[in-house]
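>>> For reference, the sequence and a predicted model appear below.
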Amino acid sequence: MRLLSSAALLLLAGSAAAFAPAAPVCRHPASPVALAMAEAATASADSTMADAGKPPAHAESDVNVADVEIPTTLPSDVGMDYVPLATMLATGQLAEADQFTRDALIEIAGSKAKGRDFVYFTEVKDIPSTDLATIERLWSKFSGGKFGYSVQKRKMRQSKGDFEAFCRKIGWTTQDGEVERKKRWFGASEFIYDVKKAPEGHLPLTSALRGTSLIKELLAHPVWDDEDWKKEP
């Protein structure tokens, strides 16, 4: 574990943009849960997500960073540094942590994913279990078990594989009068970067711009077949 100063934290927070997200997960995803035919500026009855924009640049944190203990034993099979993610989550910078997580998926999915700046759903099987476990432990630890892919997997199972029901359950939809639509991720993001206020499974976000195959493959990754991912290194 190590303590970070405010100055160090600011540097790490700024570095989140140096990595990148996917289309499925892509570096500048059109939306986190947008399906291909969505219109960003409309609130229609269409079940797809508004498809433009990017998450907020930062999330406010009321944590005294000088007193935060940051875990540093964070295994990766591909040499990925997860200390920035740990720092963001430990200090409540959930928007940055959310972005970093999508960025990390590109980095750990292999050279082809890095070359095109997004991950195909067929490449999810190549993502090391070690890295997904590290990412998941951090999200789970700093959200009190409220966020993470394993939580989303449980919510998807409760939704019987229905993506629309899943989105409702984890707070990825909203009401415009009598019209239900997916939340937007442009301008002022409609997603909730607050552990206390967000529903279980709300974060991390995953792009569904090209369909739902990516998130379904992430939730079907063999790392979630048992609870070994919970074991601290």
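Thanks, I have the structure now.
>>> In the helix or strand where residue 152 lies, which residues are buried?
Element membership of residue 152 [criterion: DSSP states H and E] is helix 149-158. Within helix 149-158, the residues scored as buried using 16 or more other CB atoms under 10 Å are 149-156. C-beta: built from backbone N, CA, C; applies to glycine.
>>> Kindly report the same for stretch 195-210.
So, applying 16+ other CB under 10 Å, buried residues of stretch 195-210: 195, 198-210.
>>> Then stretch 82-99?
Buried-residue list, stretch 82-99, by 16+ other CB under 10 Å: 82, 84-99.
>>> and the spatially most central residue of the chain, backbone torsions?
Closest residue to the average C-alpha location of the chain: residue 204 at 2.4 Å, with CA atoms, centre = their mean. Phi and psi for residue 204, reported as degrees, to the nearest 10, are phi -80, psi 160.
>>> Pretty sure it sits against residue 136.
No - look at residue 204 against residue 136 with CB atoms under 8 Å: they stay out of range, at 9.8 Å.
>>> Please enumerate the shared neighbours of those two.
Common neighbours of residue 204 and residue 136, using CB atoms under 8 Å, 6 or more residues apart in numbering, are 148-149.
>>> if we can go back for a sec, out of the buried residues of stretch 82-99, which sit inside strands?
Using DSSP state E, no member of these sits in strands.
>>> For residue 144, the count of nearby residues, please.
By other CB atoms under 10 Å, 9 other residues sit near residue 144.
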